[in-house]
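S.K.: pasting a predicted model and its sequence here:
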Amino acid sequence: MELRHLRYFIAVADELNFTRAALRLNTAQPSLSQQIRDLEEEVGTPLFVRSKRKVELTEAGKAFLEEARLALAQVEHAIARARHVGEQRALTVTIGFVPAAEIRIFPAVLPKLRLQFPELNVELRSLPTMEQEDALLRGDIDIAFMRRPVRTAALQTEVVLTESLVVLMPANHPLAAHACITPKMLDGLPFIRTDPAYAGQLYDIVQSYFEMHGIHPDVVQIATNILLNLNLVGMGLGVALLPEYVMALTGESLCCRPLAEPAPSIDLLMVSRPGPHSPHIEALIGLMRRASFRPGA
């Protein structure tokens, strides 16, 4: 049974006349009659009583008409809902991000994107780096601002921001008296380490820096996100090495000091699926490529 059978049946039931129903459906009467016969054969019982003078519904036809209207209405509702969701999706850009993008990227770029596309809905999803690639491949997000590593070679990857690492410490920490921090000053200090399962490349960069300079920190806590990092340091439990965007998050109880040169740095990546992209994604990528905070800009 196909949807057209239901539409044809309802038209004949409404008109109780095959000629008028055929005109309403813009089809030939013989074809309409054959479709109704096919439907009755599939249902297994007559739906209409036909005579030269009139057409009437059988009791089975009356019961079938009620259900046919419900079924067709449900299908039309499903079609309308799918169209609505598709239209909304077409006007939505879903962005995955780590905190560096929220602080350093979005305030400069997203207002410009909204000016270009006032009707655009921008949906932001805060996700750890290790979850963003899978979300991108599933289509849950349209573009990602994340750290390395990116495992899928087919994804388009660009560096959009490079930040030096700084030392985050309590404001009353003895190291706060220094303008910059040398590697030797960090040796043996209580340290808040970043969980590699959440921080992507940051863990490896810090570990390499320690090994290069023979630093042996006293790791007292593992932080799974930036807020926990700030809270643990703020409680005086230790210091942390974090990207310099964290300077925007420090209050009176915290402070940051730069590392002596050459200081380690970390990249923020813009990652997207291979094109072609929607006009909104292309516009966002274009704004990012022209942004003043990009490396070399």
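M.R.: Cool, got the structure.
S.K.: got a list of what Leu16 touches?
M.R.: 54-57 (Cβ atoms under 8 Å, 6 or more residues apart in numbering). Where you see a C-beta, it was placed from the backbone N, CA and C, and this is true even at glycine.
S.K.: nearest to Leu249 among those residues?
M.R.: Set against Leu249, the nearest of these by Cβ to Cβ is Leu57 (72.2 Å).
S.K.: sorry, back to before: separate out the buried members of the contacts of Leu16.
M.R.: The neighbour count (16 or more other Cβ atoms under 10 Å) marks 55, 57 as buried among the contacts of Leu16.
S.K.: format the contacts of Leu16 as TSV; extra columns: distance to Ile215 and pLDDT.
M.R.: Formatted as TSV, these follow (distance: Cβ to Cβ, whole Å; pLDDT from 0 to 100):
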residue	distance to Ile215	pLDDT
Lys54	97	88
Val55	92	92
Glu56	93	93
Leu57	88	94
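S.K.: I'd like the contacts of Leu16 as CSV, with secondary structure and distance to Ile181 appended.
M.R.: Listed next are the contacts of Leu16 as CSV, based on DSSP: H, G, I helix; E, B strand; the rest coil; distance: Cβ to Cβ, whole Å:
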residue, secondary structure, distance to Ile181
Lys54, coil, 97
Val55, strand, 93
Glu56, strand, 94
Leu57, strand, 88
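S.K.: which positions in whatever helix or strand Val271 lives in come out as buried?
M.R.: Using DSSP states H and E, Val271 sits within strand 265-272. Of all the residues in strand 265-272, those buried under the rule 16+ other Cβ under 10 Å are 266-272.
S.K.: with stretch 240-253 instead?
M.R.: 240-247, 249-250.
S.K.: now swap in stretch 13-25 and tell me
M.R.: 13, 15, 18, 21-22, 24-25.
S.K.: how about the contacts made by the closest residue in space to Ser31 that isn't next to it in sequence?
M.R.: Using Cβ to Cβ, 6 or more residues apart in numbering and skipping residues adjacent in sequence, the residue nearest Ser31 is Ala22, 7.8 Å away. For Ala22, the contacting residues are 28-29, 31-32, by Cβ under 8 Å, 6+ apart.
S.K.: surely Ala22 is in a strand?
M.R.: No - applying DSSP: H, G, I helix; E, B strand; the rest coil, one finds Ala22 to be helix, outside a strand.
S.K.: check it and give its pLDDT.
M.R.: In this model, Ala22 is scored at 91, pLDDT.
S.K.: so which bits of the lengthiest helix in the chain are buried?
M.R.: Across the chain, the longest stretch assigned as helix under DSSP state H is helix 59-90. Neighbour-count burial for helix 59-90, counted by 16+ other Cβ under 10 Å, picks out 61, 64-65, 68.
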